[in-house]
Structures are given as structure tokens and as C-alpha cells.
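Novice: With the input below, show me the fold.
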Amino acid sequence: MASQNDPLSLSIIDIDQLEIIPPKIIAEPLTLNGWTHVLCNEEMPIFSNTALSIHDILNDDRKGAMELASVILQDPNLTVKLLKISNTPHYNPTRQKMVTVSRAIIMIGSDVIRELTLVCAFFESILSSINKQQANEEIAQAIHAAVHAKSIAMATNDKSPEEVFIATLLNHIGSISFWCFCGDQGERIQALINKDNFSPEEAEKKVLSFKLTDLGASLSKAWKLGCLVEESIKPKALSKDPRVGLVHLGYEITEALKEGTGSKKYEACVRKIEALTKLSKKVINEKLKNNTATAADIASQFGATDAAKILQRGLNQAIIVEEPPVINKKELQLHISQDITSILSDQFDINLLLETVLEGIHRGIGMDRTIFSLLVADKKSLKEKLSLGWRKEMYEQKIIFNISEIPHNLFFHALSGTQAFWAKPSDNIKLYGLQDISVIGKNECFMMPIFSNKIPIGLIYADRGLSDQPLTEEDFNAFKYFAQQTNIGLTLYRVQRS
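Specialist: Numbers count the residues shown, from 1 in each chain. This is a model prediction of the structure:
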């Protein structure tokens, strides 16, 4: 049974006054540490936060799928991209539609979702309309190599081909990140390679005083990307993990294919694959050809359209650019409602129910901020247990709502009732205390008390305090439905545990 302290055991603008501010120009760093700092903190801070949050979750036995889902759901674009990729035949061969992150984690597994999240977040950080040719070449090669490496890993019955795929994809993370954000230094490197016949490593060393593989190792360490990623970036002689060989072989294949299938490099790669997999040369050649088409498709799915075009050149095929999916809220609400019904139909995980309910409110209704908070022991405040959309300096920071009986404030009022409450500053201004405004602002919001054995134990809160979009009666009805599922679930939970 759950403890008393933790009953759920849940882990308008006058245009003339506007000042036009030019975009911030970041000077190119002159050292390895300088490039690492700029990429982590100024060019790619969102990816840095995502990567480090995921690392912290993985290294805390008290955290799991609930916390992983929360990290993903903080970024709407990341959520949509992840679910889109999760529903492709590559990851979802059974074609069972997944509309929530929670469901994707259950069906695909938290390990694969974690790896996909890292890749989706990385591409979200680097892809833009101004990507340079060299950057797109690097991205195309990384995806191409990753598909080859995964294919070989599968043929050798590797314990986690997806881990090999991610390690290969992120192996050139230093080069990809540099070429996406560099300026004059990149031009000087290209000039040395094209005009003075320098090798890429020689040119990098002359201009930067370090190689881009060194930048990759530094970034991998700063972002705590994990064992196989970090191990594969080391010089070959320093790695003792045989799986690192699969990563490097993926890149050897892409280099060999540039020289053609009749080249000595290509034949050498085929012999290596033959020795590892015991497959025939005919089968290997066919797989390598098909892998290019697969890589182009995966690049497109990740939104790397220019990289996909590069990969398609060798296939003489046109790349189909997909339009971003339009989210139909009614349809999404229906699918999430069906997921909730399925969860409640048997012995269920209360954490999964809460994740799905909050995702239904947040994404299905289209709220900016959603949170489930529990009463603390002294009943004077509510502390965040799961939140979506809140702007916090650190993932670990918790949102605290004050409960004031004299005078009554929003949260005391909501917890004193049994039904959902639609608070409006125009009607309920006396309930908005200064402490409440400092946390949530002076916005319309929805609240619903959550009960266990008829005793209020927490609250679900949602608003559009970031976009200032109006709330509607239809939104309120949907909120009431989803929030009530939590109360139904807790009743069933108590019955099952009694």
C-alpha cells in the first residue's frame, strides 16, 4: 500500500514603440573548450538540457518511464516528431497506432525511446533553412552509416542494434555540430582541403588547433551521451569494445560507396561483412543497396530533407517532402480516451494512468501548462508530481502552489469542492493572491481536485498562460472528462489493493 506522505507512490502592442533588435552574433571560439561551451550553452542549449535530463533519469533508480515521458513532452515539436517516427514501420511493424508518449514507451521500450529522443532532439537543434552544404553532407553520411551499422548488428544478433544505430549516428557529432554553426573557420578549412590538398584532419588541426573528432569527444562527455557513443568516438586503438567496430564499419561502407561498388574499398567492406555475418556476397550487396533507400527515408522522417536529397542522388529517385502533420484535437482526444479505457480495464499502473491523463489534457485539449500536484504533509501547499509545459531553469525544480484559507485563494477554493473549477480573473479576482500570481500569473485556468477514499490528496491544474489563448466551454468539458478519469482510476486502484 502507498504511504500517507505519498499516497500514490508517484515517482495586444503598439508597433511604433517596438525596438528592432538585431540577432545576436556569436563570435567563433578559438579553442576546443570554447567550441564545446558555445555549442552546449549558446547554439544548442535545448539539446543540452534534454540530453542531461535523460542522463539523470537513467542514473536514478527512483525514476523511470514517467520522468522520461515528462522530459519529452516539454517540447511539442520533439513530441510530434518522436511519435511520428515511432509509428513508422521501422519501429512499429505491428502498426498499432501510438498517440501518446506513454504508449510509445510501453510498446517500443524506454531504452529505444530514450535513444530516439536524443536523436530527435539533436536534429531539432541543428536543422534550419541555413544549413550549409558541408553540414548536410555530414548529416547524410551519419544517417547512411548508422543504417548500415544497424543492419550488420542485426545480422550478427547484436544485443541492441538500436544502440549501434544511435552510436553510429552520433559518432560524428563534433563534425555535424561544427559545420552547422561555423563561419570563417569552416571556410578556411574547406579552402585548405580544396586548394592546398590538405586532408580534413590536417586542415582542421591547422585552423582550429584540434580535430573535429576531439570536439565530438568533448561534446559527448559534456552531454553524457552514454557508453557506446563515447566509446566509439575514441581512437580505435583505445577501444576494446568489439561493437565499436560495427560503428566504424558503417562509415567505412559510406566512404567505399563514394568510390563505387567496383572499388577495392567496397570489396574490402563486403569481405568484412561476410566474415561477421556469414551472409553471401549477393545478399550483402542487396542489403547495402537497400540500406541507402532506408537511410534516405529515415533522413526525411527526421526532417533532414536536404540530407535525404543527397542520399537519393545515388538512387536516381525524387525525395518526397512530407508536410508537418496537422493535429486534430478531437481525434487525438478520442485516441487518448481509448488508451485510458484500456489502462483502466485491468490491473493497471497508476503512474501510466496519470501520464496519459495529463498528456490528454496537455496535447489533446491544447493547454500551455498542465500539472498534477500532491498535497504535502502539512496541507499548506501542493507540490508538483508531474508537469508539462512549465518554464523552469532546471528539470529537477518543482512547482509549488500555496494553499491559503484566510483569505481563500484559488487552490484552497478548488480543493474545498468536489467538481472541476474554471477560474476567471474577471469573476474570481479575489482568489488570485499575490503569491499565486507570482507562480501562475493572472490567467484563466482549469482545476480539478483529486481524491483518494473521498479525501482530497491533490489537484490537476491547466492553463494557456503562455499563449494567452482563450479557454472555451468545450475545452472545460474535455478537461473535466480527463481529470475525472484520475479519480475513477484511484478508486479502482484502492479496490485492487485492498
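Novice: Every contact and neighbour count from this point should use C-alpha atoms.
Specialist: Will do.
Novice: Residue 142 contacts residue 166, correct?
Specialist: No - in this structure, residue 142 is not within contact of residue 166 by C-alpha atoms under 8 Å, at 9.7 Å.
Novice: mind checking how far the residue of the chain most remote from its centre is from residue 487?
Specialist: Distance to the chain centre peaks in the chain at residue 406, reaching 42.8 Å (criterion: C-alpha atoms, centre = their mean). Distance, residue 406 to residue 487, using C-alpha to C-alpha, to the nearest Å: 28 Å.
Novice: do residue 413 as well
Specialist: 18 Å.
Novice: next one: residue 48
Specialist: On the measure of C-alpha to C-alpha, residue 48 and residue 487 end up 37 Å apart.
Novice: Counting neighbours, go ahead and name the busier of those two.
Specialist: Applying other C-alpha atoms under 10 Å to residue 48 and residue 487 shows that residue 48 carries more neighbours, namely 22 against 18.
Novice: The more buried one reaches residue 41, doesn't it?
Specialist: Yes - the criterion here is C-alpha under 8 Å, and residue 48 meets it with residue 41 at 7.4 Å.
Novice: in this structure, which spans are strands?
Specialist: For the chain, the strands defined by DSSP state E occupy 369-375, 381-388, 400-402, 421-423, 445-452, 455-463.
Novice: quick one: low-confidence ranges for the stretch 351-498 of the chain?
Specialist: 393-395, 498 (pLDDT under 70).
Novice: same thing but at 90, please
Specialist: 351-353, 355, 386-398, 404-407, 452-454, 466-468, 489-498 (pLDDT under 90).
Novice: Show me where it has its helices.
Specialist: 410-416, 425-428, 434-440, 473-497 (DSSP state H, counting those that start in this stretch).
Novice: Kindly present the ones you listed as a markdown table, with separate columns for distance to residue 162.
Specialist: As requested, the helices of the stretch 351-498 of the chain are arranged in a markdown table below (distance: least, C-alpha to C-alpha, whole Å):
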| stretch | distance to residue 162 |
| --- | --- |
| helix 410-416 | 46 |
| helix 425-428 | 50 |
| helix 434-440 | 41 |
| helix 473-497 | 35 |
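Novice: May I ask you to confirm that residue 147 is in contact with residue 165?
Specialist: Yes - using C-alpha under 8 Å, residue 147 is in contact with residue 165, at 6.4 Å.
Novice: contacting residues around residue 415?
Specialist: 448-449, 456, 458-459 (C-alpha atoms under 8 Å, 6 or more residues apart in numbering).
Novice: do residue 269 as well
Specialist: 249, 252-253, 256.
Novice: Now list the buried members of the residues you listed.
Specialist: 249, 252-253, 256 (16 or more other C-alpha atoms under 10 Å).
Novice: what's the closest non-adjacent residue to the residue nearest in space to the middle of the chain?
Specialist: Geometric centre of the chain, nearest residue: residue 117, 3.5 Å, by C-alpha atoms, centre = their mean. Nearest non-adjacent residue to residue 117, counting by C-alpha to C-alpha, 6 or more residues apart in numbering: residue 82, 6.6 Å away.
Novice: returning to what we had before: if we take the contacts of residue 415, which one ends up nearest to residue 418?
Specialist: residue 449 (6.5 Å; C-alpha to C-alpha).
Novice: any idea how far the spatially closest residue to the closest one that is not a sequence neighbour is from residue 446?
Specialist: Nearest non-adjacent residue to residue 449, counting by C-alpha to C-alpha, 6+ apart: residue 459, 4.5 Å away. Separation of residue 459 from residue 446 (C-alpha to C-alpha): 10 Å.
Novice: got it, and residue 288?
Specialist: 54 Å.
Novice: what number of residues lie near the residue nearest to residue 449?
Specialist: 23.
Novice: what's the answer for residue 175, then?
Specialist: Neighbours of residue 175 using other C-alpha under 10 Å come to 20.
Novice: Tell me who's in contact with the closest residue to it other than its chain neighbours.
Specialist: Closest residue in space to residue 175, ignoring its immediate chain neighbours: residue 212 at 5.4 Å, by C-alpha to C-alpha, 6+ apart. Counting by C-alpha under 8 Å, 6+ apart, residue 212 touches 174-175, 178, 201, 204.
Novice: where's the nearest residue to residue 368 once chain neighbours are set aside relative to residue 443, distance?
Specialist: Nearest non-adjacent residue to residue 368, counting by C-alpha to C-alpha, 6+ apart: residue 464, 4.6 Å away. According to C-alpha to C-alpha, residue 464 stands 8 Å off from residue 443.
Novice: Would you map the helices across the stretch 101-250 of the chain?
Specialist: Going by DSSP H, counting those that start in this stretch, the stretch 101-250 of the chain shows helices at 101-108, 110-126, 133-155, 161-169, 173-181, 184-195, 200-208, 212-223, 227-233, 242-259.
Novice: who wins for proximity to residue 359 among these?
Specialist: Nearest of the helices of the stretch 101-250 of the chain (C-alpha to C-alpha): helix 101-108, 8.1 Å.
Novice: Count the neighbours of residue 496 for me.
Specialist: Neighbours of residue 496 (other C-alpha under 10 Å): 11.
Novice: how about it, what does it touch?
Specialist: residue 347.
Novice: Let me know the pLDDT of the closest residue to residue 305 other than its chain neighbours.
Specialist: Spatial nearest neighbour of residue 305, excluding adjacent residues (C-alpha to C-alpha, 6+ apart): residue 299 at 6.5 Å. pLDDT for residue 299: 87.
Novice: Same check on residue 129?
Specialist: At residue 129, pLDDT is 57.
Novice: quick revisit: the residue nearest to residue 449 bridge partners, please.
Specialist: Counting by DSSP bridges, residue 459 is bridged to residue 373, residue 449.
Novice: what's it in contact with, if anything?
Specialist: By C-alpha under 8 Å, 6+ apart, the neighbours of residue 459 are 372-374, 382, 415, 447-450.
Novice: repeat that with 7 Å
Specialist: 372-374, 447-450 (C-alpha atoms under 7 Å, 6 or more residues apart in numbering).
Novice: Could you do residue 414 as well?
Specialist: Counting by C-alpha under 7 Å, 6+ apart, the residues that residue 414 touches are 421, 447-449.
Novice: Please spell out the PyMOL selection for the buried subset of these.
Specialist: For the buried members of the contacts of residue 414, the matching PyMOL selection, counting by 16+ other C-alpha under 10 Å, is:
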select buried, resi 421+447+448+449
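Novice: Between the contacts of residue 414, which sits nearest residue 356?
Specialist: Closest to residue 356, out of all of the contacts of residue 414 and judged by C-alpha to C-alpha, is residue 448, at 16.1 Å.
Novice: Do I have it right that that closest one meets residue 423?
Specialist: No - judged on C-alpha atoms under 7 Å, residue 448 makes no contact with residue 423 at a distance of 10.9 Å.
Novice: farthest pair in the contacts of residue 212?
Specialist: Every pair of those checked by C-alpha to C-alpha; the farthest is 178 and 201, at 13.7 Å.
Novice: So for the two, which residue has more residues nearby?
Specialist: residue 178 (21 against 14).
Novice: quick one: pLDDT of the more buried one?
Specialist: pLDDT at residue 178 comes out at 92.
Novice: Would you map out the domains in the chain?
Specialist: 131-168+225-326, 335-497 (automatic domain parsing).
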